[in-house]
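Participant: Predicted model, plus sequence, below.
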Amino acid sequence: MELDSKKVLRRAKEILEIERDGLTSLINSLDNSFFEAVKLLFNAHGRVVVSGIGKSGLIGRKISATLASTGTPSFFLHPVEALHGDLGMVTPGDVLLAISYSGNTVEVCEVAAILKKRKIPIISLTGNKESKLARLSDVILNVKIPREACPFNLAPTTSTTATLAMGDALALCLFELKGLSSEDFRRNHPGGTLGERLKVRVKEIMLTGEHLPIVKEGTELTEAIKVMDQKRLGCVIIVSPLNHVSGIITDGDLRRIFLKYGSFNNLKVEEVMTKKPKVIEEYRLASEALELMEKHLITVLPVINQDEKLVGILHLHDILGKGTFKFTL
């Protein structure tokens, strides 16, 4: 069979137009059931348990992943595995989001029936409002489409597109209702590219609290070295009584100090520290911190707030994402 580019492109346009018409139909049929579904999910104390089988299962995994990454706790539950022990993963406070275009998929309906008896609320994504799954549901989201893009109107194509789009609408409406931001989204994507990492604020990735290697002015150098060893960041920050950064001592400084004095005994930190070290404000971007580190050939930066008080420390590894990318929660 000889391929004809014009015919292939024409057919591709027809398929995309069928799927577009399916989404238009979905938009036109949207009703208050969508609001009821959002309200149920917004008020849920547990997680959104997404379940489906076959192509609906694949779409379900994507919906669950989108929910989780946009701030709504969720996991995918395969209906067959559920019927063989995994139902124990569902706990009070959870909500079931069941997907079956026909609404009569045996395994999905069985899972829904069991969880209904356990008082788990059920939202169904189905193209059949008269189906068994619909009857079991507290809220029915109708994803019925005029036809599949398949020439035999059989292979799930337009219907899976419509179901996925409905899932996206749920996830993003919840994301916005919860008042979450782009920074919240990045917090759930710590394994992204360096370019994305550099867009976060310093305060999101700095180390705080007990992780800080800090000592007060007047501390013996030997005590400061112990703190440096415990915190394992290659430095210790010296602060004033008002918690302002007075200086810093690094591993490299210790070598120079020993060569100069021959001992660490009887030395106070302010005698040997680097005074007025480079610092960065917590609201700055990670990209600015990286630029400052590269310019001055340093690997750590004390982080200060608007009152110039120490609030954290930023290590080069936290910017580059080596090891665990630490977000402040």
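Facilitator: Yep, it's here.
Participant: Tell me the buried residues in the top helix by length along the chain?
Facilitator: Of all segments of type helix in the chain, defined using DSSP state H, the longest is helix 5-29. Across helix 5-29, burial judged by 16 or more other CB atoms under 10 Å covers I18, E19, G22, S25, L26. The C-beta positions use only the backbone N, C-alpha and C, and glycine is treated the same way.
Participant: And for stretch 57-65?
Facilitator: Judged by neighbour count (16+ other CB under 10 Å), stretch 57-65 contains these buried residues: G57, L58, I59, G60, K62, I63, S64, A65.
Participant: Make TSV from the buried residues of helix 5-29 and add distance to V8 and pLDDT to it.
Facilitator: Below are the buried residues of helix 5-29 laid out as TSV (distance: CB to CB, whole Å; pLDDT from 0 to 100):
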residue	distance to V8	pLDDT
I18	16	97
E19	17	97
G22	21	97
S25	26	96
L26	27	97
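Participant: Of those, just say which sits nearest to T299.
Facilitator: For the buried residues of helix 5-29, the residue nearest T299 by CB to CB is E19; the value is 51.3 Å.
Participant: how close does that closest one get to R232?
Facilitator: The gap separating E19 from R232 is 54 Å, by CB to CB, to the nearest Å.
Participant: and what of K216?
Facilitator: 20 Å.
Participant: what do you get for G22?
Facilitator: For G22, the distance to R232 (CB to CB) stands at 56 Å.
Participant: Enumerate every residue touching V279.
Facilitator: By CB atoms under 8 Å, 6 or more residues apart in numbering, the contact set of V279 is V245, L301, P302, V303, I304.
Participant: all strands of the stretch 151-300 of the chain, in order?
Facilitator: Taking DSSP state E, counting those that start in this stretch, the strands of the stretch 151-300 of the chain run over residues 214-216, 235-239, 245-250, 274-275, 280-281, 300-304.
Participant: from the ones you listed, which stretch is densest packed?
Facilitator: Of these, the one with the most neighbours on average (mean count of other CB atoms under 10 Å) is strand 235-239, at a mean of 25.
Participant: Packing partners of that one?
Facilitator: Here strand 235-239 touches strand 214-216, helix 221-231, strand 245-250, helix 269-272, strand 310-315, going by 3 or more CB pairs under 8 Å, 6 or more residues apart in numbering; DSSP states H and E.
Participant: now with 6 Å?
Facilitator: Strand 235-239 is packed against strand 214-216, helix 221-231, strand 245-250, with contacts defined by 3 or more CB pairs under 6 Å, 6 or more residues apart in numbering; DSSP states H and E.
Participant: To R147, which of these lies closest?
Facilitator: R147 lies closest to helix 221-231 among the helices and strands packed on strand 235-239, at 63.9 Å (CB to CB).
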